[in-house]
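In: predicted model and sequence below, questions to follow.
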Amino acid sequence: MEQEDGWKEFVEEWGNRQGRRIAGRIPLTGDASNRRYFRVSFEGERLPRTAILMERQGTLGFKKSEEAVSGGAPEPPGDTFLLVADAFGALGLPVPSIYHRLPDGSKTLQEDLGDETFFSCLQKHPGDEALLTDRALALLASIQSIRPEGPLLWVRDRAYSRELIRWEFEHFVEYGLAGAQEGALARIREKFDREAADLAGEEIKVLVHRDYHSRNIMVRSDGSLALIDFQDLLWGSPYYDLASLLFDAYRTVPLEKIEKALDRYLELAQKAGVLPAVSREAAMERLCRHAFQRNLKACGRFFYIADVKKNPAFLASVAGTHANMLRIVGRVPSLAPLYEAFSPYLRFPDSPSSP
């Protein structure tokens, strides 16, 4: 009861200053994180009529492990969601306004962006795919053009490092594979270690949202896009978020559309000063390598959420990660030895849980 009363007291602190009274609260479908979301409605016709209440509960176990391999980077100067929201908002990027907050970020009351995601919008209006994709690519180029300075200086210390990439692979090995003996695992790790070094060695570094996919991009009523779930911001490759968008586990984008989107991205990124001129084939190879690693990570995480968090909702997307791995190997044959090393041990949603 204390926790339930706590949310009301928190919202009323803002509502009383604004002359607003709470009309109700309904839970929203959560994501895979330790954050719970509610839509709070207010009496009367005055805007905003609703707001989103976020309550954070501790830190996910795998997040603590990621922090342990982050190379001893210093802690950011505050809650990362609030730091990014404030910095991006000041730069004019489309993020939700924060109406009220606790200093540690454990509770926020923020702008209600509605329920329409990039994913749900495409399901209803598939003919809008090209337009929405172009907007998402333009937004990505805008994010990547921002330098980690001033209030974002701390991001430079949150590198998408070789150690973090290797940890994510171990997460995949632990939860996404089954039945591999130590000899096979040693061969798999040896091959992936070389891949991790390559991925972490990108010369060009940009801000990386880290979950830039169809369920984390909101579509406002006017068709414009807005960002959510940006608290894991890192400093890494310009191809990572692009891979997340185009090789999405939640939807299948045909390779010909991916190549067309890549051409458009290269045009936007070069114009924004993010990338120098680069051939499409070279860019496609880098995109695919990051997409391969990204889908391994997602596969492991979906099983982790089912096994450890007891939430099977994401198991339906495992097939998408497997399909993407296979498609990518077909496009970049040099990844075949790594894929062939672990593919006999790929776990499927009806496989037993990890011990």
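Out: Structure received.

In: which strands or helices does the biggest helix by length in the chain pack on?
Out: Scanning the chain for the longest helix, with DSSP state H as the assignment, gives helix 280-307. Contact here means 3 or more C-beta pairs under 8 Å, 6 or more residues apart in numbering; DSSP states H and E; on that basis helix 280-307 packs against helix 162-176, helix 182-200, helix 238-246, helix 255-271, helix 318-331. For glycine as for every other residue, the C-beta is placed from the backbone atoms N, C-alpha and C.

In: between those, which one is nearest to Lys309?
Out: Nearest to Lys309 among the helices and strands packed on helix 280-307 is helix 162-176 (11.3 Å), distances taken as C-beta to C-beta.

In: related to what we said a few turns ago, how about the longest helix of the chain: buried residues?
Out: 283-307 (16 or more other C-beta atoms under 10 Å).

In: what do you get for stretch 35-53?
Out: By neighbour count with 16+ other C-beta under 10 Å, stretch 35-53 contains the buried residues Arg35, Tyr37, Phe38, Arg39, Val40, Phe42, Thr50, Ala51, Ile52, Leu53.

In: is it possible to get CSV of those that adds pLDDT?
Out: Compiled in CSV, these are given as follows (pLDDT from 0 to 100):
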residue, pLDDT
Arg35, 87
Tyr37, 95
Phe38, 97
Arg39, 97
Val40, 98
Phe42, 97
Thr50, 97
Ala51, 98
Ile52, 97
Leu53, 97
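
In: inside helices: which ones of those residues?
Out: Reading helices off the buried residues of stretch 35-53, I find no matches (DSSP H).

In: out of those, which is nearest to Thr80?
Out: Closest approach to Thr80 among the buried residues of stretch 35-53 (C-beta to C-beta): Arg35, at 12.3 Å.

In: count of neighbours near Leu326?
Out: By other C-beta atoms under 10 Å, the residues close to Leu326 number 11.

In: contacting residues for it?
Out: Leu326 makes contacts with Tyr339, as judged by C-beta atoms under 8 Å, 6 or more residues apart in numbering.

In: residues in contact with Arg289?
Out: By C-beta under 8 Å, 6+ apart, the residues touching Arg289 are Glu195, Asp198, Leu199, Tyr239, Val332, Leu335.

In: checking the last one next. Helix, strand or coil?
Out: So that's Leu335. Recorded secondary structure, Leu335: helix (DSSP: H, G, I helix; E, B strand; the rest coil).

In: list the contacts of it.
Out: Glu195, Cys288, Arg289, Phe292, Ile328, Val329.

In: model confidence score at the third one, please.
Out: Spelled out, it's Arg289. pLDDT for Arg289: 98.

In: how close does it get to Ala136?
Out: Distance of Arg289 to Ala136, given as C-beta to C-beta, to the nearest Å: 21 Å.

In: rewinding a little: now flag whichever of the contacts of Arg289 is closest to Asp128.
Out: For the contacts of Arg289, the nearest to Asp128 is Tyr239 (25.1 Å; C-beta to C-beta).

In: go ahead and confirm that closest one touches Phe292.
Out: No - Tyr239 is beyond contact range of Phe292, at 11.2 Å (criterion: C-beta atoms under 8 Å).

In: for beta bridges, what are the partners of Arg101?
Out: Following DSSP bridges, Arg101 is listed with bridge partners Thr108.

In: and it, how many neighbours does it have?
Out: A count of nearby residues for Arg101, using other C-beta under 10 Å, gives 20.

In: try Arg17
Out: Should you count by other C-beta under 10 Å, Arg17 turns out to have 10 residues around it.

In: for it, give its distance to Val11.
Out: 11 Å.

In: between those two, which contacts overlap?
Out: Counting by C-beta under 8 Å, 6+ apart, Arg17 and Val11 have no contacts in common.

In: please name the residues that touch the residue most central in space within the chain.
Out: Taking C-alpha atoms, centre = their mean, the centroid of the chain lies closest to Asp211, which sits 1.1 Å from it. Contacts for Asp211 (C-beta under 8 Å, 6+ apart) come out as Asp229, Phe230, Asp232, Ser244.

In: can I get the buried part of these as one ChimeraX selection?
Out: Per 16+ other C-beta under 10 Å, the buried members of the contacts of Asp211 correspond to this ChimeraX selection:
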select :229,230,232,244
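
In: flag the shaky bits of the stretch 251-355 of the chain, pLDDT-wise.
Out: When residues are selected by pLDDT under 70, those of the stretch 251-355 of the chain lie in 351-355.

In: dump the residue contacts of Lys205.
Out: Going by C-beta under 8 Å, 6+ apart, Lys205 touches Ala159, Trp235, Gly236, Ser237.

In: quick one, phi psi at it?
Out: Per-residue torsions, Lys205: phi -120, psi 140 (degrees, to the nearest 10).

In: returning to that earlier point: chain center to the longest helix of the chain, what's the gap?
Out: Between the centre of helix 280-307 and the centre of its chain there are 12 Å (C-alpha atoms, centre = their mean, to the nearest Å).

In: now Val206: closest residue in space that isn't a chain neighbour?
Out: Spatially, and ignoring its direct neighbours in sequence, Val206 is nearest to Gln144 (4.0 Å; C-beta to C-beta, 6 or more residues apart in numbering).

In: pretty sure that neighbour sits against Leu207.
Out: Yes - Gln144 lies in contact with Leu207 (C-beta under 8 Å); the separation is 6.2 Å.

In: what about those two, which has more around it?
Out: Between Gln144 and Leu207, counting by other C-beta under 10 Å, Leu207 is the more crowded of the two (26 against 23).
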